[in-house]
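Participant: Pasting the sequence and the predicted model now:
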Amino acid sequence: MHLIVVTSIILAVSYAEENVEQLDDNGLATSDQCKGDNAFVLDGCYPKLECFPNVSPWKTLTRPVPKPDDPSEIDVGLVLYTLRNIENGTELILCPQLNVEETDFSPTKPTFLVVHGLGGNNLTGYLHEIKDSLLQNVDANVIVVSYSSGSFLKYLQVVSNLRIVAAVLARAVKQLIDLGLRPKNIHAIGHSLGAHVCAYLGKIISSDNHKIGVITALDPAQPAFEAEDAAVKLTENDADTVIVIHTNGKPFFPFLGFGYVNPGGTIDIFVNGGKNQPDCKPSINPSEKRVTSMAALATMSVGSLIDMAAIGCSHGKSVKYYVSALENKDYLCVARKISDFKTFANKVNLQNLARIDDQIFSRENSICTKEDCSILGLLTSELPARGNFDLKTQSEYPYCSE
Ligand SMILES: *[C@@H]1O[C@H](CO)[C@@H](O)[C@H](O)[C@H]1NC(C)=O
Ligand SMILES: *[C@@H]1O[C@H](CO)[C@@H](O)[C@H](O)[C@H]1NC(C)=O
């Protein structure tokens, strides 16, 4: 009996090692595997083959993704916006290599990358809300990242395609770094699945011995990520500062939460408890749309999932809060440190939410210090506070009222 147990442990360990050895530091396959179905010429214009084998940890029993689509079918696009060009951006030429010569791109300015989630393109409203609110605050390069034909697909296919999106994006970002952009000056912002594109970008850049400055993950997608290997999901190591805004962190099965339940960054802000948002009551009977397994999720159309996300609007509130925080500098969104996350997570529900009105650093008798409070927005990464934070908002714009 003991012998059998020991043998299966050894088998499990060597199986895992074998799978790990198949991938190099970039999560790319070693050369002998870079052939056949797994090998792509990125964008149809990249001189070097890259390889994306659909093996562990990318594909597991709990993450049954199909292989990624061909880059030519994913249609990754980058559009640059600057203060001189807020309304009509300039589409960046990616092939045969990134060309920013005739554009307003300045390598010495902060550079934001804004990435959508399931079912988006370069016209998606919230990308432009984020872009506009950034340019109200900073003289920056803001690059909207889209992958439209790769994102209007079934959930697990889009999940798989994110690897390709990130590889195409990372190639462009490396070229910007070669032009003098400092990785620390890069701030990648992604909603839902887009947060994991930012994470993959961060991992690829990290493996070149620098880290990007900031990732802001607006309710990063949970299904097929949160419980999986660090290589396939957003983690606190993917940038110098990884900020996670939690607005819909309930288990996906059976509660239909779309976002991370647990902390995933260096600064995690749980808004109104992080599970559901106050004005986001489902308007239909939730049981009608209940998804009970990964297999059921795999068969759902992108349209029905987007409908669910819209109905359950808490997921999208992460974007609304962030944009509002950037637009309304007079109304600070002050988040208070959570000392005991387990107790916090167990206690939170909509009934016991109370407005916090004594949280400003400058206020006398404030219980807030720079170490134990954070502020949502562009300041978040600059403040010294790290850890888990609780942010209470009102249900209506501008949400925060300090
Ligand atoms: C943006 O493009 C539209 C359509 O071409 C044009 O009508 C508009 O004037 C442009 N806006 C700016 C600020 O250039
Ligand atoms: C948006 O993407 C489409 C293709 O998906 C492209 O034709 C269009 O030029 C892009 N828009 C801008 C402003 O670059």
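Facilitator: Right, received. Where do you want to start? Numbers count the residues shown, from 1 in each chain. Ligands and ions are numbered 1, 2, ... in the order given.
Participant: ok, the residue in the stretch 101-250 of the chain positioned nearest to ligand 2 to residue 142 distance?
Facilitator: As assessed by Cβ to the nearest ligand atom, ligand 2 sits closest to residue 122 within the stretch 101-250 of the chain, at 3.7 Å. Glycine gets a C-beta too; all of them are placed from N, C-alpha and C. Look at residue 122 and residue 142: by Cβ to Cβ, to the nearest Å, they are 12 Å apart.
Participant: ok, which residues in this structure are in contact with ligand 2?
Facilitator: Contact residues, the chain versus ligand 2 (Cβ under 6 Å from any ligand atom): 75, 77, 79, 89, 91, 121-122, 148.
Participant: Mind doing that once more with 8 Å?
Facilitator: By Cβ under 8 Å from any ligand atom, the residues of the chain that approach ligand 2 are 75, 77, 79, 88-91, 121-123, 146, 148-149.
Participant: Give me the buried subset of those residues.
Facilitator: By neighbour count, with 16 or more other Cβ atoms under 10 Å, the residues of the chain next to ligand 2 hold 75, 77, 79, 89-90, 121-122, 146, 148 as buried.
Participant: ok, which stretches of the stretch 151-300 of the chain are helices?
Facilitator: In the stretch 151-300 of the chain, the helices defined using DSSP state H, counting those that start in this stretch lie at 155-178, 193-206, 252-255, 294-299.
Participant: possible to save these as CSV with mean pLDDT and mean neighbour count?
Facilitator: Listed next are the helices of the stretch 151-300 of the chain as CSV, based on pLDDT from 0 to 100; neighbours: other Cβ atoms under 10 Å:
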stretch, mean pLDDT, mean neighbour count
helix 155-178, 95, 22
helix 193-206, 97, 26
helix 252-255, 79, 16
helix 294-299, 86, 14
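Participant: In a markdown table: those helices, plus distance to residue 324.
Facilitator: Formatted as a markdown table, these follow (distance: least, Cβ to Cβ, whole Å):
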| stretch | distance to residue 324 |
| --- | --- |
| helix 155-178 | 27 |
| helix 193-206 | 19 |
| helix 252-255 | 26 |
| helix 294-299 | 31 |
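Participant: who wins for proximity to residue 330 among those?
Facilitator: helix 193-206 (28.2 Å; Cβ to Cβ).
Participant: Tell me what angle the closest one forms with helix 155-178.
Facilitator: Interaxial angle of helix 193-206 relative to helix 155-178 (axes from the mean of the first three to the mean of the last three Cα atoms, to 10 degrees): 40 degrees.
Participant: tell me what helix 193-206 is packed against?
Facilitator: strand 111-115, helix 155-178, strand 186-191, strand 214-218 (3 or more Cβ pairs under 8 Å, 6 or more residues apart in numbering; DSSP states H and E).
Participant: distance between it and the chain's centre?
Facilitator: 8 Å (Cα atoms, centre = their mean, to the nearest Å).
Participant: re earlier: can you list which of the buried ones among the residues of the chain next to ligand 2 are found in strands?
Facilitator: Among those, the members found in strands (DSSP state E) are 77, 79, 89-90, 146.
Participant: Would you mind listing the residues in contact with residue 248?
Facilitator: Neighbour list for residue 248: 219, 257-259, 274-277, 312, 314-315, 317-318 [criterion: Cβ atoms under 8 Å, 6 or more residues apart in numbering].
Participant: now those residues: which count as buried?
Facilitator: 219, 257-259, 274-277, 312, 314-315, 317-318.
Participant: residue nearest the centroid of this structure?
Facilitator: Residue closest to the average C-alpha location in the chain (Cα atoms, centre = their mean): residue 195, at 0.9 Å.
Participant: Residue 221 is in contact with that residue, correct?
Facilitator: Yes - at 6.8 Å, residue 195 counts as touching residue 221 under the criterion of Cβ atoms under 8 Å.
Participant: what sits in contact with each of the two?
Facilitator: residue 117.
Participant: circling back: so for the residue of the stretch 101-250 of the chain closest to ligand 2, what's the pLDDT?
Facilitator: pLDDT recorded at residue 122 is 97.
Participant: How about the contacts made by the residue lying closest to it once chain neighbours are set aside?
Facilitator: Closest residue in space to residue 122, ignoring its immediate chain neighbours: residue 146 at 4.1 Å, by Cβ to Cβ, 6 or more residues apart in numbering. Going by Cβ under 8 Å, 6+ apart, residue 146 touches 75-79, 116, 120-122, 124, 127.
Participant: 7 Å - rerun?
Facilitator: 77, 116, 120-122 (Cβ atoms under 7 Å, 6 or more residues apart in numbering).
Participant: For ligand 2, what's the nearest residue on the stretch 251-400 of the chain?
Facilitator: Taking Cβ to the nearest ligand atom, the stretch 251-400 of the chain has residue 302 as its residue nearest ligand 2, at 16.5 Å.
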